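Novice: Okay, structure incoming, though there's no sequence with it:
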């Protein structure tokens, strides 16, 4: 269904979730095991293989397929399981309002499922809408130190109420405060600000960028790619899915169904691994999809074929469009985010002013990463990277590892820019032949030597724009939202503090490049007129404190802390 946000639904539609607390049951119930022909079982079809997440992962969003078995009479059909390890006591919002069909959920503690756990709550039709588009929403107090199991499924197996087996659904879990926070670009893509515009280049001429931009903190994962596939690839004319994603021990995605009704889900232990076996054009389609607001529908100009990039052009003629919000970084944007460090004098030790030799904020060769049985880096640290085929797991001599699990960061807080997968950039490279244009990639991969991660000694790799390989992936860059001084994809109290620091008053400019984010009206100062526009860009549900000397245009009496009555009616993305 089209409904996008649990907290916004509560605000607009004024509904209250009904939460029931039935007595737990440990009695043996009759089972009704009916495997669906042609259905591919998701990894979390059983309690034992529940997908695990924790408070640090909130807000958590899972886009997965329903299971294949109606296993218990009078319980959710086609049910799958999640385990939530809670480390912060508080009210949690759990909903499936982004799903279609009649979905259903239950929450347990002290064990998983109706036979082992204590059933705390159940929810069914609380999201706005009526069957067949009725989905669950609940607000529930959960305690730190406890593990909770969430069972999701459908309430009835028969049409028209329930979707069929393997039909995709969406589960969202957040703390109550997070559910009332929107992002300035409408996504939950974790990005960090790369500042110091107009910086000097490295000795190889790379790394100078004239403006501010945001860079994805992590490589795009299989779970994020599955979100794209389930939104636009029921039929897949542009080949966003590659069979090697399933067949290879380094790929992480499974597909079920036939053309026109494909559904997709991640392999066990691969949801947080970087997506691979995709081309440059595929990555551009993902940027278009985010730019267009993550729509669902056939692959076309409104979803994947236009937006940040016009893919009707010849591959070598595809360029970033004006006003693009998400895009592949240029070679220089990638290079700066990986190596440039104007803050730490140690970055000069390698002989190049303000540039490290490795994207781990170090001039020393990173320690080679190993891997656990489920593909996490087994020896994380400040200077660790996945390269040289050291991360052996899933039967592969060298493999991708969970994004961020090495824990080493670039000077801008970005993870895995050294190793794991070569990362695609926007920059054209030397063509292989007139009909085989290439684009630059950087950063090394899980199998090659450390020199490919280094700068300026390392070198970029020119990749055929339609080639798809197991050692190539990408991360996205993004424009900086006006008012988002700290580059964390929202405009809130942290940004207000920056605004106050940057405030010059009328005619008090010029402003510094970073403070230029606060010069909304472009008149070279940061004054009360900009404050009024800053208010309109605000994304938090808690309004900003008043700025002395400036009158709010949204409230006749100005903002006061805690005054949310009128603000809740005007909050929204700028």
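Specialist: Perfect, I can see it now. Remember, predicted model here, so these are calculated numbers, not experimental data.
Novice: secondary structure class for the closest residue to residue 428 other than its chain neighbours?
Specialist: Leaving aside its sequence neighbours, residue 428 sits nearest to residue 439 (CB to CB, 6 or more residues apart in numbering; 6.1 Å). C-beta coordinates here come from the backbone N, C-alpha and C atoms, glycine included. Classification of residue 439 using DSSP: H, G, I helix; E, B strand; the rest coil returns strand.
Novice: give the contact list for residue 439.
Specialist: 280, 424-429, 462-463, 465 (CB atoms under 8 Å, 6 or more residues apart in numbering).
Novice: Would you agree residue 430 is in contact with residue 438?
Specialist: Yes - if you go by CB atoms under 8 Å, residue 430 and residue 438 touch, sitting 6.5 Å apart.
Novice: ok so, going back, partner residues bridging the residue nearest to residue 428?
Specialist: Beta-bridge pairing for residue 439 (DSSP bridges): residue 428, residue 463.
Novice: got it, and residue 358?
Specialist: residue 362.
Novice: for it, what are its contacts?
Specialist: Contacts of residue 358 by CB under 8 Å, 6+ apart are 339, 364-366, 383, 385, 418, 450, 453-455.
Novice: Next step: these restricted to helices.
Specialist: Taking DSSP state H as the definition of helices, those contribute residue 339.
Novice: Let me know the closest of the contacts of residue 358 to residue 533.
Specialist: Relative to residue 533, the closest of the contacts of residue 358 is residue 339; by CB to CB it sits at 35.0 Å.
Novice: what about the stretch 51-200 of the chain, any weak spots by pLDDT?
Specialist: For the stretch 51-200 of the chain, applying pLDDT under 70 flags the ranges 70-76, 98, 100-101, 128-133, 156-162, 177-188.
Novice: can you give me the helices in it?
Specialist: 113-116, 176-179 (DSSP state H, counting those that start in this stretch).
Novice: Tell me, how many residues neighbour the residue lying closest to residue 324 once chain neighbours are set aside?
Specialist: Once flanking residues are discounted, residue 324 sits nearest to residue 308: 4.0 Å by CB to CB, 6+ apart. As a burial measure, residue 308 scores 27 neighbours (other CB atoms under 10 Å).
Novice: show me what contacts residue 308?
Specialist: 284, 287-288, 291, 320-321, 324-327.
Novice: What is the most widely separated pair among the residues you listed?
Specialist: Maximum distance among the contacts of residue 308 (CB to CB): 13.7 Å, for 284 and 325.
Novice: which one of these two has more residues nearby?
Specialist: residue 284 (27 against 20).
Novice: Quick check: the more buried one touching residue 307?
Specialist: No - applying CB under 8 Å, one finds residue 284 not in contact with residue 307, separated by 9.2 Å.
Novice: can you tell me the distance between the two ends of stretch 417-428?
Specialist: 20 Å (CA to CA, to the nearest Å).
Novice: Give me the mean pLDDT for that stretch.
Specialist: In this model, stretch 417-428 has a mean pLDDT of 97.
Novice: Centre of the chain to it, how far?
Specialist: 18 Å (CA atoms, centre = their mean, to the nearest Å).
Novice: Likewise for stretch 507-521?
Specialist: 30 Å.
Novice: Same question for stretch 502-519.
Specialist: 32 Å.
Novice: average pLDDT across it?
Specialist: Here the average pLDDT along stretch 502-519 is 78.
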